[in-house]
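Colleague: Quick one: sequence and predicted model below, then my questions.
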Amino acid sequence: MPTTASAAHSLADVTASNSTLSRFLHGLPGVDAVGLEARAASLGTRSIKTTAKAYAIDLAISMVDLTTLEGADTPGKVRALGAKAVRPDPTDRTTPTTAAVCVYPDMVAVAKEAVAGSGVKVASVATAFPAGRAALEVKLADVRDAVSAGADEIDMVIDRGAFLAGHYLKVYDEIVAVKETCGAARLKVIFETGELSTYDNIRRASWLGMLAGADFIKTSTGKVAVNATPANTLLMLEAVRDFRAQTGVQVGVKPAGGIRTSKDAIKFLVLVNETAGEDWLDNHWFRFGASSLLNDLLMQRQKLATGRYSGPDYVTVD
Amino acid sequence: MSEKTEKTERLSVFKTYKLYIGGKFPRSESGRVYEVTTATSAADAAGKGKWLANAPLSSRKDARDAVVAARKAFGGWSGATAYNRGQILYRIAEMLEGRREQFVREVADAEGLSKSKAAAQVDAAIDRWVWYAGWTDKIAQVVGGGNPVAGPFFNLSSPEPTGVVAVLAPQESSFLGLVSVVAPVIATGNTAVVIASEKSPLPALSLGEVLATSDLPGGVVNILSGRTAEIAAPLAAHQDVNAIDLAGADDVLAKELEIAAADNLKRVLRPQPVDYATTPGTERMTAFLETKTVWHPTGSLGASGSSY
């Protein structure tokens, strides 16, 4: 990693052309895949119990982007999701709210109404989610739609085809354009790590996204076989840590898809604390993209509160 | 090569007894085991029989995992046709028959019985599977049916399985008793988390190997070994367990568990003196059934002149 005193200045130059950008991204140190996975696995063995567990569960609940991204989403389902985000466990009012609900652009207005006045944000996927295969104009229109309907956060997908073909500047320009269109809305950039094939690519994509002005970098859409894993999230956490060290700009991380149990969620929180640091242990800087995770967190919370194992009869059916 | 090789004594291969949870054979999450010994009348009293094997000493987390597996299996098993469940139960009996010798040895060791007496126990247990296999598609006719009502309605009652049942297997009858409490629970479509006899869990753990090869979906029966009181307490308090059979609990433990079970209104079958050698009634099946009654209007009887 370039660590000269004039780092910020040198980063301004790397996006001058596709070849400078390409040279910079390929100049990033290669990822030691075995070491990365071993590190992620070893951090996953930490034992988090009693009060630390209670803290971690509440923190994890407050970091959930409660998500429904199905073709069969109805306004009723989105309203139900909103109600759940505002009050995850109606039997226990000490339960924190989730960070946000995440829906398709056409459901933003409904979601906005459902969470009105609660502090829960509305995130919307856009830019021809999940494939991202559309013309830039179409993607930007998608974003404008979501923002004008009141979305607080936009989750965009990068053009993986262009990225894999080496057209990094195209991907960069697209992110910049989307960021401009977002206005005040925070931008999460989804790399779909499962389609990037290598850890090196994930590191490059992370830097590319951050250079282009992403507020969050996000692992996946949840629509492919491989989603968030401890290893790829660890890698992205290293990237945001290094990026802040170099530029002073803090970027958030959002693993999404495949995180279903409290145990998994707590492992991710350990990764955050040990890699990026405490500054990221806040729902402004770290999120979980999940739907079924919340129920498991609530069941664990009930178990801690009552001492009895809870069951799916005591949480909502989503 | 020379024909003359020295005859060496063969080392026997010891079996690692493992739990049966969700169709898999895990060790205890806790990593603990305990020693299982033979029961010879006098030595048993002193607690010093011959060492047989190490059995997993389950923790409450194993119990929790077993409940999750049982809940997951419930939809499929309760939704299977009664006829299909009967076939699978019969298949279990077939598989047991093939392993008869092994179970005779294990029961003889566990209960300090002679080989012929142990064989009689195993035969009775196999017959009991067959007996309950026959009941799967008949129990609804016996405890359900059409009810006469004073109105233009069909009124039908049918029994439905209660859900996930925690079963404390009898402490003394390590195999016949076990089968006699597990078979009726699953025959009607419930799924079970079974705590094997604390002193003699080996026949129960071997039963898991039979179930795994009998077309029984994973998770329908989950078998835990260990300290009955330690595993039963979290099960009795578990909000996702719908019923508990206290056959293997003593009076003190049974009372404690019944109190814990009251929290989510579990069905509780209290311990009672049972002679497992005699043919049972239908009580163990009906204890874990809920009656659903539906009213269906017949329409106006007068107009159509129908005989309904």
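Modeller: That came through fine. Everything numeric in this text was worked out from a predicted model, so none of it was measured.

Colleague: Which helix or strand lies directly C-terminal to the host helix or strand of residue A:80?
Modeller: With elements taken from DSSP states H and E, the one containing residue A:80 is helix A:75-86. Moving toward the C-terminus from helix A:75-86, the next helix or strand (DSSP H and E) is strand A:100-103.

Colleague: If you count contacts, what does that following strand end up packed against?
Modeller: Using 3 or more Cβ pairs under 8 Å, 6 or more residues apart in numbering or on different chains; DSSP states H and E, the elements in contact with strand A:100-103 are strand A:64-67, helix A:75-86, helix A:108-114, strand A:121-126. (Each C-beta comes from the backbone N, C-alpha and C, glycine too.)

Colleague: Please identify the pairing partners of that strand and their relative orientation?
Modeller: Its sheet considered, strand A:100-103 pairs with strand A:64-67 (parallel), strand A:121-126 (parallel) by DSSP bridges.

Colleague: give the contact list for the closest residue to residue B:212 other than its chain neighbours.
Modeller: Excluding the flanking residues, the one nearest residue B:212 by Cβ to Cβ, 6 or more residues apart in numbering or on different chains is residue B:23, at 6.3 Å. Shown in contact with residue B:23 (Cβ atoms under 8 Å, 6 or more residues apart in numbering or on different chains): B:69, B:212, B:217-219.

Colleague: before we move on, the earlier item: strand A:121-126 and the helix holding residue A:80, what's the angle between them?
Modeller: For helix A:75-86 against strand A:121-126, the angle by axes from the mean of the first three to the mean of the last three Cα atoms, to 10 degrees is 130 degrees.

Colleague: residues of helix A:75-86 that come out buried?
Modeller: Within helix A:75-86, the residues scored as buried using 16 or more other Cβ atoms under 10 Å in any protein chain shown are A:77-86.

Colleague: Rebuild these as a markdown table, extending it with pLDDT and distance to chain B.
Modeller: Formatted as a markdown table, the buried residues of helix A:75-86 follow (pLDDT from 0 to 100; distance: Cβ to the nearest Cβ, whole Å):
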| residue | pLDDT | distance to chain B |
| --- | --- | --- |
| A:77 | 96 | 22 |
| A:78 | 97 | 27 |
| A:79 | 97 | 27 |
| A:80 | 96 | 22 |
| A:81 | 96 | 24 |
| A:82 | 97 | 27 |
| A:83 | 96 | 23 |
| A:84 | 96 | 19 |
| A:85 | 97 | 24 |
| A:86 | 97 | 24 |
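
Colleague: how far away is residue B:100 from residue A:148?
Modeller: Counting by Cβ to Cβ, to the nearest Å, the gap from residue B:100 to residue A:148 is 75 Å.

Colleague: One more: residue A:97?
Modeller: Residue A:97 is 25 Å from residue A:148, by Cβ to Cβ.

Colleague: Which pLDDT value belongs to residue 136?
Modeller: You didn't pick a chain, so chain A it is. We have a pLDDT of 96 for residue A:136.

Colleague: if you could check chain B rather than the one you did, that'd help
Modeller: Reported pLDDT for residue B:136: 97.

Colleague: Skip the chain neighbours and tell me the closest residue to it.
Modeller: Counting by Cβ to Cβ, 6+ apart, residue B:86 is the residue found nearest to residue B:136 once chain neighbours are left out, at 3.9 Å.

Colleague: For the helix or strand hosting that neighbour, output the C-alpha coordinates as CSV.
Modeller: According to DSSP H and E, residue B:86 maps onto helix B:82-98. Extracted in CSV, the C-alpha atoms of helix B:82-98 (Å, rounded to 0.1, in the frame of the first residue of the first chain):
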residue,chain,number,x,y,z
ALA,B,82,-50.3,-42.1,8.3
TYR,B,83,-49.8,-45.0,5.9
ASN,B,84,-46.3,-43.8,5.0
ARG,B,85,-45.4,-43.4,8.7
GLY,B,86,-46.6,-46.9,9.3
GLN,B,87,-44.4,-48.2,6.5
ILE,B,88,-41.4,-46.4,7.9
LEU,B,89,-42.0,-47.7,11.5
TYR,B,90,-42.3,-51.2,10.1
ARG,B,91,-39.0,-50.6,8.3
ILE,B,92,-37.4,-49.8,11.6
ALA,B,93,-38.6,-53.1,12.9
GLU,B,94,-37.0,-54.8,9.9
MET,B,95,-33.7,-53.1,10.5
LEU,B,96,-33.8,-54.0,14.2
GLU,B,97,-34.3,-57.6,13.3
GLY,B,98,-31.1,-57.5,11.3
